[in-house]
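In: following is a predicted model, sequence given first.
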2 protein chains.
Amino acid sequence: MSLLVQKFGGTSVADVDRIKKVARRIKRTVKQGHQVVAVVSARAGVTNNLISRAAAITKSPDPREMDVLMSTGEQETIALLSMTLQSIGVPAVSLTGPRFGIRTDNEHTRARIREMGGSDARRYLRQGKVVVVAGFQGLSEFGEITTFGRGGSDLSAIAVAGALKAHRCQIFTDVEGVYTADPRIVPNAHKLSELSYEEMLELASSGSKVMQTRAVGFAQKHEVAFEVRSSFNSKPGTIVKKSASSLEAVSVSGVAIDKNQVRISVQELPDRPGAAAAVFKAMAEIGVVVDLIVQNVGRAGKANLTFSVPSEDAYRAEKAMREAVGRTGATVGRSNKIAKVSVVGVGMRSHSGVASCFFDALAEAGINMLMISTSEIKISVAVNHEDGDEATRVAHAAFGLEKKTRSRKKATARASRSKSKG
Amino acid sequence: MSLLVQKFGGTSVADVDRIKKVARRIKRTVKQGHQVVAVVSARAGVTNNLISRAAAITKSPDPREMDVLMSTGEQETIALLSMTLQSIGVPAVSLTGPRFGIRTDNEHTRARIREMGGSDARRYLRQGKVVVVAGFQGLSEFGEITTFGRGGSDLSAIAVAGALKAHRCQIFTDVEGVYTADPRIVPNAHKLSELSYEEMLELASSGSKVMQTRAVGFAQKHEVAFEVRSSFNSKPGTIVKKSASSLEAVSVSGVAIDKNQVRISVQELPDRPGAAAAVFKAMAEIGVVVDLIVQNVGRAGKANLTFSVPSEDAYRAEKAMREAVGRTGATVGRSNKIAKVSVVGVGMRSHSGVASCFFDALAEAGINMLMISTSEIKISVAVNHEDGDEATRVAHAAFGLEKKTRSRKKATARASRSKSKG
């Protein structure tokens, strides 16, 4: 008998009928001989309703009161799901985040987990009960309700799985797993059966919004294996875990695209220490997350700095940037939307040549690269918005991802050994 | 500077606009130099929505899970009201029932208060904050959320006022206070400025549904003075407190009517010990509350037993009664709806003759009395349903309640000294 943590998001528990469906799935899992802890979000729409009610009161609600407000959403779901389980003959008990013993810091609306309890949950499991835990919430050092921010239920599920030493944490979503690329763009993209935390992280931050980066990072740190799988069927999904040796052979696991970026460029910035720092300090102050950053040396001791930001922040970013550069003589420009295409793979560490293979493929297809950025296991290229989908398909084909078995050999074969990234 | 507890029900906090109105009222109270603790219910409709969601899942939801579910309603309100207060410059902080330190027994959905904390609330009050407490909820011995049942927010307010030794507890409702009779029936009924707990209790259980009996009983036991007043204006309401000497002069404080009763009669019940007990045991087993009870001796050692029950329980009561009397030869009958008219007053204890004054007035008006029942401070008469309103008006006039000053003298004068009830 193994312990499974199953996480169901807001869409999966949106109404009573869907909650019944979730309950039946849990019942099947129990019948297969597993202990189950279910971690759930607020019903779809509930959180937004609460937010809009607060917004009708004030533009800047007290974060402590926001947490008191928001945490009611998940609390409603745990009660409804527990009742539903009981009604179909599955003993169940609900626990709020505080009641489970999820202890956090005191940062309301974006709390971080400090410590995990779980003794009551373990006792209930020994009694043969399914434990239903409210995602997204915990208790601060001062005994106040805290929440983790959007997507925090994934984090709760991973943390609960870690605390209870669960055999696995299953994240049920509206996709069947993690794909080599977005199937809407690349029709022959295929589902990956396994992936490392690092790859999942790079894919997440590159536009594959299957899971919150934070939850994956927590899983990595505490080595909690999890599976991303569909809530609509029983097919196995993608297992994310510490990179196994078998994974090392694959140079590229997938291609991600993010079409929601805008490029901000600062031309002729004085090329002196601190100039670039001032730029990004300005961005941090207005809370804009900067993604790709490229700096070239321009003429006469001036630097050209280009970076990308989410398109909804572009106007604010440009404005703040103009103020930041002030009278330095630098000019600030803003592009239309661009697309960022990233190839990701743990194998890149040891198999070089991925970059040239990627760039060659784009060149062959006549796609112009606007910006390039690389990490240990990722190469991102910004292209014109209208080239994004084609760049994704080209990269997907170049690394032979269309069929899994072939992909490993082909990608490895294609990647020449001219580049070593340690 | 005195501490006031102000309780606002579901209608008063039904939406953001009404919550803003409540916040402005609290702000005025604070400006007058008071410390304020606000106790609030769930927004009108919210509790019913939660119940109907549970009902769509199962006919018999787990009481523990019902409490997890139901308590979210008040939790939402405390957050919204605190934000609203803050937004108009009034420092405020919300506390759930458990967070306030309201400790209860383990009877989910109908928990009883065991112990009151309040140290955090006191600290926040010292910091100059308005404390907003969720009504209707507490924490069991096992650390579980409990609720008090319908109307439980009144109970919370009284208990919080007692725990914090508040100067007064103000219950804001949709009526202006407690009246000598229902003004819709008796147009010249007037608002009482003061009332004893006992009178309030008898009025409440006689159909004046201003407040839950339980909350009044708790106030009496812990000697918490409270005021019932309108949430629509600033007029003083009715203060309910320990009976003062000045009250003793008044024989009758008010006339209550309950038009929602049905009479069940059992004819020719064997007149032996235990026969009547068996009848009421049968009622208790099906959870029907019996109100008036009258027993006469009938012919040949048989008794006639008549009692009244709420009309919605009449059918079940009749059925259970037929089973209970079985083959004793007794016959069971059920009337149409009847009306119960009660005159209530602490003064009855010392001023006799109230009964004869009451019965005379009904006789003069040609109203037939079906049942009579008396308590220390109440005389109730069951009449035909269509006679109920007229009986109320007749009694109101007989005791001179139409104007307060006159009422005391007249009622005292009318009451002959022929009857002494201790």
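Out: Structure's in. What do you need? Residues are numbered from 1 along each chain as shown, chains lettered A, B, ... in the order given.
In: only C-alpha atoms from now on, for both contacts and neighbour counts.
Out: Will do.
In: just the strands from the stretch 51-200 of chain A, written as ranges.
Out: Along the stretch 51-200 of chain A, the stretches classed as strands by DSSP state E, counting those that start in this stretch are A:92-95, A:102-104, A:113-116, A:130-134, A:137-139, A:145-147, A:168-173, A:194-196.
In: who touches stretch A:364-380?
Out: Under the criterion CA atoms under 8 Å, 6 or more residues apart in numbering or on different chains, residues A:198-199, A:202, A:292-294, A:340-349, A:355, A:362, A:381-384, A:387, A:391, A:394, A:421 lie in contact with stretch A:364-380.
In: buried set for it?
Out: Buried residues in stretch A:364-380, counted by 16 or more other CA atoms under 10 Å in any protein chain shown: A:367, A:369, A:371, A:372, A:376, A:377, A:378, A:379, A:380.
In: and the end-to-end length of it?
Out: 18 Å (CA to CA, to the nearest Å).
In: and what of stretch A:374-383?
Out: Stretch A:374-383 stretches 15 Å from its first residue to its last (CA to CA).
In: for that stretch, the distance to its chain's centre please.
Out: Centroid separation between stretch A:374-383 and its chain, computed with CA atoms, centre = their mean, to the nearest Å, is 17 Å.
In: coming back round to it: any quick PyMOL command for the buried ones out of the contacts of stretch A:364-380?
Out: Buried residues among the contacts of stretch A:364-380 (16+ other CA under 10 Å), as a PyMOL selection:
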select buried, chain A and resi 198+199+202+292+293+340+341+342+343+344+345+346+347+348+349+355+362+381+382+383+384+387+391+394
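In: so residue A:35 makes contact with residue A:2?
Out: Yes. Contact criterion CA atoms under 8 Å: residue A:35 and residue A:2 qualify, at 6.1 Å.
In: so for the two, which sits in the more crowded spot?
Out: More neighbours surround residue A:35 than the other of residue A:35 and residue A:2, with 22 against 12 (other CA atoms under 10 Å in any protein chain shown).
In: which residues does the more buried one bridge with?
Out: Using DSSP bridges, the bridge partners assigned to residue A:35 are residue A:3.
In: what are the bridge partners for residue A:372, then?
Out: residue A:381.
In: distance-wise, check it relative to residue B:51.
Out: Separation of residue A:372 from residue B:51 (CA to CA): 56 Å.
In: what residues does chain A have near chain B?
Out: Residues of chain A lying near chain B by CA under 8 Å from any CA of the partner chain: A:16, A:20, A:53-54, A:56-58, A:61-62, A:65-66, A:68-69, A:72-73, A:75-77, A:79-80, A:82-84, A:86-87, A:93-94.
In: how does chain A divide up, domain by domain?
Out: Residue ranges for the domains of chain A, per automatic domain parsing: A:3-248, A:255-414.
In: now the longest one: mean pLDDT?
Out: What it means is domain A:3-248. The average of the pLDDT scores along domain A:3-248 is 92.
In: how far does that domain sit from the chain's center?
Out: 13 Å.
In: just to revisit the earlier point, deepest-packed of the domains of chain A, please.
Out: Highest mean neighbour count among the domains of chain A (mean count of other CA atoms under 10 Å in any protein chain shown): domain A:3-248, with a mean of 21.
In: just checking, what's the longest strand in chain A?
Out: With residue count as the measure and DSSP state E as the assignment, chain A has strand A:254-270 as its longest strand.
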